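Enquirer: can you look at this prediction? I've put the sequence above it.
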Amino acid sequence: MSQLGLPLAHAASGPVEIAPGAVWIPGWLDTETQLELGDAFRQWAAPPAGLRRPRMPNGAAFSTRAVCLGWHWYPYRYSRTCEDGDGAPVKEFPPLLQRFGAAACAATGFAPVPYDAAIVNLYEEGAKLGLHQDKIEGAEVVAAGSPVVTISLGDRCVFRFGNTDRPTRPYTDVELASGDLFVFGGPSRLAFHGVPKTYAGSAPLELGLDGRISVTLRQVGTSWQDAD
């Protein structure tokens, strides 16, 4: 049990530095906490402002579905309502994810930041996510290197972590399993990253999940608050 009251399963390998400012911790969440997170996802996914399939400005649909908390993200802006869904107010950023954010920063050597947004993606069979940068958060947030936290749940995936210059090589592929943590900030804050492959049916049976869920925490900052 962590000092924050968050049960963590410490992998034998411990934290793995993938790049400066990018840290992977296998087996970060124990089974009980994964079950809690899975139950929370089912509540977040329900309408209003529930699970929907984002689309690019040209109309192309993502292969993932997503639900947002705190701030609603859609390409390429944030809003307080589900603009590309039912238009309902976005669900609040929950205390559960505030605890996860604080614990993730502590576990990976980052100073805690005031997380205020989550994008929760559902990867069903065949879903993937191309290499991209997380760079539309507030300018002060990006400039400060505020760490992005990703927690994996369900099916295993290939998480591709690249460089900060272009969405091509060099990159490192990491196989993320259920309960794994990946945090990147500081000099890696604008690294390109994506998910080229998931392994359908590889989720732990006790979770009762079909697919992969990624819970990504971000600090959006005050500039979007002022503009909204």
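Expert: That came through, no problem.
Enquirer: residue 219 contacts residue 143, correct?
Expert: No. Between residue 219 and residue 143 there is no contact under Cβ atoms under 8 Å: 11.9 Å. C-beta coordinates here come from the backbone N, C-alpha and C atoms, glycine included.
Enquirer: those two: which is more packed in?
Expert: residue 219 (23 against 9; other Cβ atoms under 10 Å).
Enquirer: distance of the more buried one relative to residue 186?
Expert: For residue 219, the distance to residue 186 equals 13 Å [Cβ to Cβ, to the nearest Å].
Enquirer: what pLDDT does residue 203 get?
Expert: Residue 203 carries a pLDDT score of 98 in this model.
Enquirer: how many neighbours does the closest residue to it other than its chain neighbours have?
Expert: Distance criterion Cβ to Cβ, 6 or more residues apart in numbering; nearest residue to residue 203, sequence neighbours excluded, is residue 154 at 4.0 Å. Per other Cβ under 10 Å, the neighbour tally for residue 154 reads 26.
Enquirer: so what pairs up with residue 154 in the strands?
Expert: residue 212 (DSSP bridges).
Enquirer: check contacts around it.
Expert: 38, 178, 203, 207, 209-213 (Cβ atoms under 8 Å, 6 or more residues apart in numbering).
Enquirer: report the buried members of the residues you listed.
Expert: Buried members of these, counted by 16 or more other Cβ atoms under 10 Å: 38, 178, 203, 207, 209, 211-213.
Enquirer: could these go into a markdown table alongside distance to residue 117?
Expert: Formatted as a markdown table, the buried ones among the contacts of residue 154 follow (distance: Cβ to Cβ, whole Å):
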| residue | distance to residue 117 |
| --- | --- |
| 38 | 20 |
| 178 | 23 |
| 203 | 25 |
| 207 | 25 |
| 209 | 23 |
| 211 | 22 |
| 212 | 20 |
| 213 | 16 |
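Enquirer: find the nearest non-adjacent residue to residue 179, please.
Expert: residue 29 (4.1 Å).
Enquirer: same thing with residue 211?
Expert: residue 124 (4.6 Å).
Enquirer: and if you look at residue 169?
Expert: In this structure, residue 169 finds its nearest non-sequential neighbour in residue 162, 7.6 Å apart by Cβ to Cβ, 6+ apart.
Enquirer: count of neighbours near that neighbour?
Expert: By other Cβ under 10 Å, neighbour count at residue 162 equals 22.
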